[in-house]
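K.L.:
Sequence plus predicted model, see below.
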Amino acid sequence: MERIDVGVLGATGMVGTRLVRLLEDHPWFRLREVGASGRSRGQPLGRLVADDEGGPLWNGAADMPVKSADDQYSSPILLSALPSDIARELEPRLAKAGHLVVSNASSHRMDPDVPLIIPEVNPDHIALAHSQIERTGGAIVTNPNCVVVGIAMVFHPLHEAFDLEHAVVTTFQAISGAGRSGPSAGDLFDNVLPFIDGEEDKLGNEVRKILGQSTKTGFENAAMRVSATCARVGVAHGHLASISLKFRHPPQVDEARDVLNSFRGGVLQDGLPGSPVHPIEVLEGNNRPQPRLDRDRGDGMTVTVGRIRPCEVHHLKMFVLSHNLVRGAAGAALLNAELCHARGLTARSAKG
Ligand code: NAP
């Protein structure tokens, strides 16, 4: 199979560097071009990478000269890891030029015709992008905020089985989730920051869109209420969340565990190269999941759950962990690009 050219925008950042690493030897996609700000323009990417895990970049990517936002891009698929203020204006411009823009940024996630996708959860929402392609020749497809992915993945099978009414969520989020301009490890040593700007609203809004459905009268968000409290902690990678859930048909602990462990998601038939065998894994023992021990399960694409137990106020409570840079960002975008390609979106776009 001939591989499709892709570009990575924001390639010098935390998420962009991970994307470039994940594209080495990808069976469907070939990294063709990389972009960042004007500050990086013309320099070889290998000199500028932000993510020091994984050592030097692979040959080919390391020598690639970095383009700026104003340069021309030729690849049918552009994977965007741009800051949201830049993405707000640039991504629609690139979509209008016929590219399929698969984005990590928050700027367009809640736009009515922009799909907000977790392939295992709501792959059919990709149909929302068809109206964009018909209008402009290209489209923007997004993945959720880094802490939302794991939580929405756990809510989805539980909601299908037991009808989730509302949730109370408290997060313990890693330093790398804030990108290079976030707080330093020094700010977080011996400390917890009890506020992450915009995160708590995103959590409820994005979960409701992801678990929403197309109806005869249009797209309807899920109705559940989510009360979120988000904090930054001194962990390098991996967002942990404590969740407490109220259901209309409350399950026993064992029933919830079985539903989560047996979840495979709605994309098995698509054969996506980045799909983990187990999208969710429930861990035994009272001291799991832990970021350092569990974030890399399934190459960082498996969401881990632990301490499922009865809740004194609602019905059940548990911990959920996901790797913010992989399942929450780079791996999520790459899986979305694979889904778009498997479902024919690349071929329909003007550049495809
Ligand atoms: P980051 O480390 O700060 O990287 C930002 C990237 O954007 C760099 O490559 C930077 O290039 C580039 N950039 C900055 N200004 C630009 C401009 N004017 N034109 C073109 N490129 C520009 O940020 P990040 O953590 O990787 O996050 C990237 C995006 O993903 C953000 O929208 C973020 O909200 C989202 N996201 C992040 C995570 C996470 O865990 N970090 C998870 C999910 C989603 P230079 O090197 O040239 O400055």
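P.N.:
Yep, that arrived.
K.L.:
List the residues that contact the residue in the stretch 1-150 of the chain that the ligand sits nearest to.
P.N.:
Going by Cβ to the nearest ligand atom, the ligand is nearest to residue 13 of the stretch 1-150 of the chain, at 2.0 Å. (C-beta placed from N, C-alpha, C; glycine too.) Residues near residue 13 by Cβ atoms under 8 Å, 6 or more residues apart in numbering: 36, 50, 81, 179-180.
K.L.:
and if you look at residue 297?
P.N.:
Residues near residue 297 by Cβ under 8 Å, 6+ apart: 278, 281, 304.
K.L.:
Give me the spatial nearest neighbour of the last one, chain neighbours excluded.
P.N.:
The shortest distance from residue 304 to any residue that is not its chain neighbour, by Cβ to Cβ, 6 or more residues apart in numbering, is 3.9 Å, and that residue is residue 289.
K.L.:
do the first one as well
P.N.:
Using Cβ to Cβ, 6+ apart and skipping the chain neighbours, the partner closest in space to residue 278 is residue 302 (5.4 Å).
K.L.:
next one: residue 15
P.N.:
Leaving out its chain neighbours, the residue that sits closest to residue 15 by Cβ to Cβ, 6+ apart is residue 81, at 3.8 Å.
K.L.:
my guess is the one you found contacts residue 20, does it?
P.N.:
No - counting by Cβ atoms under 8 Å, residue 81 sits too far from residue 20 to count as a contact (9.6 Å).
K.L.:
Common neighbours of those two, please.
P.N.:
With Cβ under 8 Å, 6+ apart as the test, residue 81 and residue 20 both reach 8, 11.
K.L.:
one step back: okay but the residue nearest to residue 304 is in contact with residue 302, surely?
P.N.:
No - in this structure, residue 289 is not within contact of residue 302 by Cβ under 8 Å, at 10.1 Å.
K.L.:
neighbour count winner among those two?
P.N.:
Comparing residue 289 with residue 302 by other Cβ atoms under 10 Å, the one with more neighbours is residue 289, at 26 against 23.
K.L.:
From the ligand, how far off is the residue nearest to residue 278?
P.N.:
Distance, residue 302 to the ligand, by Cβ to the nearest ligand atom, to the nearest Å: 17 Å.
K.L.:
Residue 85 in helix, strand or coil?
P.N.:
helix (DSSP: H, G, I helix; E, B strand; the rest coil).
K.L.:
Show me which residues of the stretch 201-350 of the chain are close to the ligand?
P.N.:
324-325, 328-329 (Cβ under 6 Å from any ligand atom).
K.L.:
So residue 198 versus residue 301, what's the distance?
P.N.:
Separation of residue 198 from residue 301 (Cβ to Cβ, to the nearest Å) stands at 25 Å.
K.L.:
Between those two, tell me which one has more neighbours.
P.N.:
residue 301 (23 against 11).
K.L.:
While we're on that one, how confident is the model there?
P.N.:
pLDDT, residue 301: 98.
K.L.:
how about residue 169, what does it touch?
P.N.:
So residue 169 contacts 151, 203, 226-229, 241-244 (Cβ under 8 Å, 6+ apart).
K.L.:
Apply 7 Å and report the result again.
P.N.:
151, 203, 226, 228, 241, 243 (Cβ atoms under 7 Å, 6 or more residues apart in numbering).
K.L.:
Tell me which of those fall in helices.
P.N.:
Among the contacts of residue 169, DSSP state H puts 151, 203 in helices.
K.L.:
any chance of the contacts of residue 169 in CSV, with pLDDT and neighbour count too?
P.N.:
Output for those, formatted as CSV (pLDDT from 0 to 100; neighbours: other Cβ atoms under 10 Å):
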residue, pLDDT, neighbour count
151, 98, 26
203, 97, 26
226, 98, 22
228, 98, 22
241, 98, 24
243, 98, 24
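K.L.:
Now flag whichever of the contacts of residue 169 is closest to residue 215.
P.N.:
Among the contacts of residue 169, residue 226 lies closest to residue 215 (Cβ to Cβ), at 21.2 Å.
K.L.:
beta partners for that closest one?
P.N.:
residue 167 (DSSP bridges).
K.L.:
what does the helix or strand of the chain with the lowest mean pLDDT rub up against?
P.N.:
Lowest by mean pLDDT, DSSP states H and E among the helices and strands of the chain is strand 213-215, with a mean of 85. Strand 213-215 has contacts (Cβ under 7 Å, 6+ apart) with residue 220.
K.L.:
Could you identify the helix or strand that succeeds that strand?
P.N.:
Remark: after strand 213-215, the chain's next helix or strand is strand 218-220, criterion DSSP states H and E.
K.L.:
now for that following strand, which elements pack on it?
P.N.:
Strand 218-220 is packed against no helix or strand, with contacts defined by 3 or more Cβ pairs under 7 Å, 6 or more residues apart in numbering; DSSP states H and E.
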